[in-house]
Every structure is written in C-alpha cells, then in structure tokens.
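Student: The following comprises the amino acid sequence and a computationally predicted model.
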Amino acid sequence: MAEELFCQSAAVLVKCKDCEDRRENVRLTVGWQCSSNAVHKKDLTVRLTDDTDPFFLYNLTISEDDFQSLKNQQGLLVEFSAFPQRFIELLDQCIQEQSKDVPRFMLQLIPQSPALDHMPASLNIIETNPFKHLTHLSLKLLPGNDNEIKKYLAVCLQNVKMENSSLQERLRRTEEDLTKRLSITQQTLAEKSKELDRLRNEWTTHTNFIANKHSQEVTTEREKALQAQTHYQQQWEQQKKETEAAHSQTVQHLERRIAEIETINKDLIERKYKSESTIRETKSKLCVVEEECQRSKQEIISLRRENTTLDAECHEKEKLLNQLRTRTAVLEQEVKDKEQVVTKTTEIFESIQEHKKNLEESMEQKQLQMGKLEATVKSLSEELLKANEIIKKLQGDMKKLMEKIKLKNTVTMQQEKLLGEKTQMLQKEQQELAEVQQALRHKEEEVHKLQEKFDATVEKLEESKQLLKTNENVISWLNKQLNENKLAALQETPPSSISSGNLSRLGGVQNSQVHFSPLQLNPSSIPVLEPTSAPSSSTPTGTSLSSKSEPIGLDQKYLQKRECGKPGLSRGGLSQKPSYPIGTVPTRPLGPKQGNPPPATSAYFPGQQPRLPAS
C-alpha cells in the first residue's frame, strides 16, 4: 500500500451456513494504492488479515467507477473522496461497541463456503436496534490466491527483518553507552572511597572533641535543671495550697447560697399553691354570682357584663401566674447549671493534678533520655536541642498553668456576680407575687360589694312587686265600689225624674260594667266591701246612656305616681275640676239625704270616707 489510513484489529462475527457463528479478531487495513489508470490515479484498498493465521487474507480494491456502482446499489450519500473517512468512522464505532454485551454497531463477515477458500465473502457494517438490524455498508472481499499470499508473507518477513536490524543497532548502542558509563563510575568510586577514608579520620577526631565538650555542657545543664526544678516545685506547691484554700472557701459559699435558694424556692412553691387555691375560690364565687345574675332582668344584664370583665381580669392574672411559674422553672434550671459549673471546676482541679503527675512522669522519661544521649555519640547535638526544647515546653506549661489559675479566679468572681443577680431577680418576683395577691384581694372585695348590691336590688324588686299588688287591689276595690254606688243611685231615683242632662253627668253603663263619673254621691250608699270581683249587672236606661257612654275603667288621673316614686292616686281626688263631654251642660251635684251623718273627706273621693279592703 502506498498510503495507509487505518490499521487496527477488530472483533468480527463470522457466519457460516454449515457451522455455528463465531467471533474472531481480524486486522483491518484501509489505504490508498496507486492505480494504472491515467484518469483515476488512486484506488481504495481494504485488506482483512489474521495475526495468528498468516494464510488468512481477503483483499478489495475499489476504484472510482466501482464506487459509483456501489453507491447506486446501496444508496450511499457520500462521494469517493470522503468515503474512506466515513468508512473509518464506522469501523471506529464498531471497535468501541465490541466490548458491550449488546453492541450497537458490529462487523459481520459472511463467506460463501465454510472453508474460507477461493470464494468471495461479504463484510457488513450493521447497526442493531430492538426493531431491525440495519446494514450501513456491505463490501465483497476476494480471498487471496497463492501469489497474493506469498507477496503478503514476503512483505511481513521484510518488515520483521527491518525491525530486527533496528533492534540490533539499538542494542549495540546501549552496550557501548553502558560500558562507557561503567568505566566512569569505577573511576569516580575510587576517588570517593579515598575521600571517605579521609572524612572518617576527620569525623573520629571531631566526634571525640565534641563528646568531651558535650559531657562538660551536660553536667552544667544538669545542675541548672535541678536547681530550676526545685525552685519550680516549691512555687507550685505554694500556689497549689493557695488555690485549694480559695477553692474550698468558694465551694462552701456556693453550697450556702444553694441552700438559701432552695428554701426560697420552696416558699415560692407554697405561695403558688395558695394563689391557685384562692383563684379556684374566686372562680367558684364567680359561678355563683353568674347563676344569681341570670334570675334578674335589666340590672342583672349589667352585672353580667361586669362579671365578664372580672373573668377576663382573672384570666390575665392566671397568665401572670403562669409566667411566674416559668420564671421559677428558669431559676431552678440556672441553679442546676451552677451546680454543674461547680462539678466542672472540681473535674478541672483533678485534671490539673493528673497533668502534674504526667509532668513528673515526663521528667523521669526525659532523664532516661538524657542517659541514653550520654551513651550515643552520633546523635549528641540533636538530643541536646531536644532537651532545650523540652525545658522551654515545661516553662510554657508552667506559664499556661498560671494563666489557667487566673482564669479560674475570674470565673469564680463572675459566678458570684451572677448569683447576686439571681437573688435580686428572686426578690423582684416575690414583690410581683405580693402585688398579684393584693390585686386578687381587691377583686374579692369588689365581688363582695357587687354581691351586696345585687341582694339590695333583689329586695327592692320584691318590695316593688308587693306595692304593685296592693295598688291593683285598691284599684279593683274602687271600681267595684263605684259601680255599686251608681247602681244604688239609679235604683233610688225613678226613671222619669232623670233628665238627659243628669244621665250625661252620671256616666253610662256599657259592657256590663259601671265606670267612675265625677259626681258627688251619698256617703250612706257606699257599703264596706272586700276586694272581690264585681258582679256583672245591667240596668235598663234610655238611648242617651248607650250613645254618650264614657270609657271603661278608672280615669288615668287617679293612677299618677306620687312624689315618693310609688304608684297611687293623685291627692287632688274629685275636688279638681271635672272634665265634661262636649255639648253637655254641667248641673248641680246631688246633695245628701236628711238624717244621714255629714260626709267625711277622703284621699280618693272628697266628701267620703270609704273603708279600705283588708289586704
């Protein structure tokens, strides 16, 4: 091939008629080849070979004319110049999909005979989908004859020989390079060995000098470290005693404060229960007041409104009590938090003691390390630096311990301040509780006053009812007495002697009921009567009685209220000027009969003294 475009091995599905389908790895090579035709200079060649079988060979040469016939047969949309690139892209997709279980693109080789000898075979590029297998391209390849196979084998052998010669040349060059490098390294090794001997001698002298110097420095540093250790131990013991004493005092003080707070908390709980009991009593009293208020009419409605306002105030007070309960719970939680802080301080003190023990153990370990350093000569300088760093760390730890102790002192002071604030809060809450209790007492007094007012109104209602009953009895008695007087007067006078004017002054009888008329009657004709219902009677009168009759019942002027507010008749009685109907002439009133006692004045009837009914 003049120009090779593609050369890779791909898995090809080989289908035979008489045998089962199988997969084989075949090398596909695509390239251009110079043609003998003057018009078409290049032809496309496709070759199938097997690396394991040198006699497996299929060839295909496609000229431009052959491609036109192939394009017309298979309906291709690509020109001859772009066909190799598209064909290589399809082969790449087949190679990418060959590792999958269900590949989308696959290569298929269908030989005409199972022996794969001297018969054309078709190479198909197939796209698989669940509905159908689509063949994008189908190429017919011819198997190679003996001459072609020999040429192919000769080319393969030539390539192998060229590769062998190139590898031999590379091997010779590498041997020469390695021999040169080996001679150079041997020379450098001899020089380095001499330098090493010289350095060893210098190192032994230097190490001896450093060892002597280091032993002297170690002795001086030991003495300084022992002095510093004793000094720091004394300081630490003094600070430990002072901190223990201060801590014990703070713990005792906190325990006393906790006991006081617990007693105050118990008092608050007892007061809370007492306030709840008083609230329940007030609720029961309010229920009784509401039941009694339902029995009254207009004034009871106003009392109900006042009771609703009292209920709202009681609910507000209950809300205040609930808020106070929550505050007490918060205070209890804060007391628990303070106890936890005290336990934490004790734990921190224990951790400090453990840290002290760890420091002592680390000091012992460091002393052991110093002994080891004396034994080892090579690492003397490094170990000295480590010892100095350890001493600096110990000094830093001591400084940190001092700072921690100062912080603990500040924390204890802050805790005392917080406890003082909590006591002030408790006192404020006690004052608020006292104010709430006073408000509850005032409300109880107001409820008591309202109860007394309600009782007074009920008594007034009963008195007014009794007065109404007595007034009704008086009115009924007066109506009955008037009716009887008029009947008696009518019976004594003959019908002929009664003129039309007198009839108009006497008042008519209508609907079996005689009504009051402003005429003076004979006092001897008024009998003593009991408050019973008047009997119905009718008297025959003229036409003027029925035509000029007065309204039924007692006149409204006798039902006017007195100055005291009680219903009754007016003081004027019948002495006032009577009202006559229009068109009538007033006549002289009838005088009393001879032989009768003089008339007595009455509050209801002037000139008469009737007896009141026994009621």
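Tutor: Yep, it's here.
Student: can you confirm Phe55 is in a strand?
Tutor: No. Read with DSSP: H, G, I helix; E, B strand; the rest coil, Phe55 is coil and lies in no strand.
Student: For it, grab the count of nearby residues.
Tutor: By the measure other Cβ atoms under 10 Å, the count of residues near Phe55 is 14. Every C-beta, even on glycine, is put in place using the N, C-alpha and C of the backbone.
Student: I'd guessed it sits against Lys150; true?
Tutor: No. Shown here, Phe55 and Lys150 do not form a contact pair, counting by Cβ atoms under 8 Å, at 10.5 Å.
Student: what's stretch 131-142 in contact with?
Tutor: If you take Cβ atoms under 8 Å, 6 or more residues apart in numbering as the criterion, stretch 131-142 is touched by 46, 48, 58-60, 62, 70, 74, 76, 87, 90, 120-128.
Student: at 6 Å instead, please
Tutor: With contact meaning Cβ atoms under 6 Å, 6 or more residues apart in numbering, stretch 131-142 is reached by 58-60, 120-127.
Student: Can you tell me how far Lys194 is from Asn201?
Tutor: Distance, Lys194 to Asn201, by Cβ to Cβ, to the nearest Å: 11 Å.
Student: before we move on, the earlier item: so can I have a markdown table of the contacts of stretch 131-142 showing pLDDT and distance to Leu490?
Tutor: A markdown table is the format used below for the contacts of stretch 131-142 (pLDDT from 0 to 100; distance: Cβ to Cβ, whole Å):
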| residue | pLDDT | distance to Leu490 |
| --- | --- | --- |
| Tyr58 | 85 | 161 |
| Asn59 | 84 | 164 |
| Leu60 | 86 | 159 |
| Pro120 | 80 | 160 |
| Ala121 | 82 | 158 |
| Ser122 | 82 | 153 |
| Leu123 | 86 | 153 |
| Asn124 | 86 | 148 |
| Ile125 | 86 | 146 |
| Ile126 | 87 | 143 |
| Glu127 | 87 | 138 |
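Student: Could you identify the most distant pair in those?
Tutor: Asn59 and Glu127 (25.7 Å; Cβ to Cβ).
Student: and the most centrally placed residue in the chain, how far is that from Glu334?
Tutor: Geometric centre of the chain, nearest residue: Thr326, 21.4 Å, by Cα atoms, centre = their mean. With distances taken as Cβ to Cβ, Thr326 is found 13 Å from Glu334.
Student: ok, now Leu57?
Tutor: Computed with Cβ to Cβ, the distance linking Leu57 and Glu334 is 97 Å.
Student: Comparing these two, which shows the higher neighbour count?
Tutor: Under the criterion of other Cβ under 10 Å, the comparison of Leu57 against Glu334 puts Leu57 first, with 20 against 16.
Student: In the stretch 401-550 of the chain, mark out all the strands, start to finish.
Tutor: In the stretch 401-550 of the chain, the segments counted as strands under DSSP state E, counting those that start in this stretch are 509-510, 513-514.
Student: buried sites along stretch 342-362?
Tutor: Neighbour-count burial for stretch 342-362 flags 342, 345, 359 (criterion: 16 or more other Cβ atoms under 10 Å).
Student: Output these in a markdown table, with distance to Gln369 appended to each entry.
Tutor: Listed next are those as a markdown table, based on distance: Cβ to Cβ, whole Å:
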| residue | distance to Gln369 |
| --- | --- |
| Val342 | 41 |
| Thr345 | 35 |
| Leu359 | 15 |
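Student: In strands only, show me these.
Tutor: The strands, defined by DSSP state E, take in nothing from the buried residues of stretch 342-362.
Student: Among the residues you listed, name the ones in helices.
Tutor: Members of the buried residues of stretch 342-362 lying in helices (criterion: DSSP state H): 342, 345, 359.
Student: Which strands or helices does whichever strand or helix holds Leu226 pack on?
Tutor: Element membership for Leu226, per DSSP states H and E: helix 146-293. Applying 3 or more Cβ pairs under 6 Å, 6 or more residues apart in numbering; DSSP states H and E, one finds that helix 146-293 contacts helix 298-375, helix 380-492.
Student: by contact count, what packs against the first one?
Tutor: To tie it back to what came earlier, the one meant is helix 298-375. In terms of contacts (3+ Cβ pairs under 6 Å, 6+ apart), helix 298-375 is packed against helix 146-293, helix 380-492.
Student: Centre of the chain to the shortest one, how far?
Tutor: Its chain's average C-alpha position is 32 Å from that of helix 380-492, according to Cα atoms, centre = their mean, to the nearest Å.
Student: The longest one now?
Tutor: Between the centre of helix 146-293 and the centre of its chain there are 41 Å (Cα atoms, centre = their mean).
Student: okay, the angle between that helix and helix 298-375?
Tutor: 140 degrees (axes from the mean of the first three to the mean of the last three Cα atoms, to 10 degrees).
Student: Check the last one too.
Tutor: For helix 380-492 and helix 298-375, the angle between their directions (the same axes, to 10 degrees) works out to 170 degrees.
Student: So for helix 380-492, mean pLDDT?
Tutor: Average pLDDT, helix 380-492: 87.
Student: That'll do, ta.
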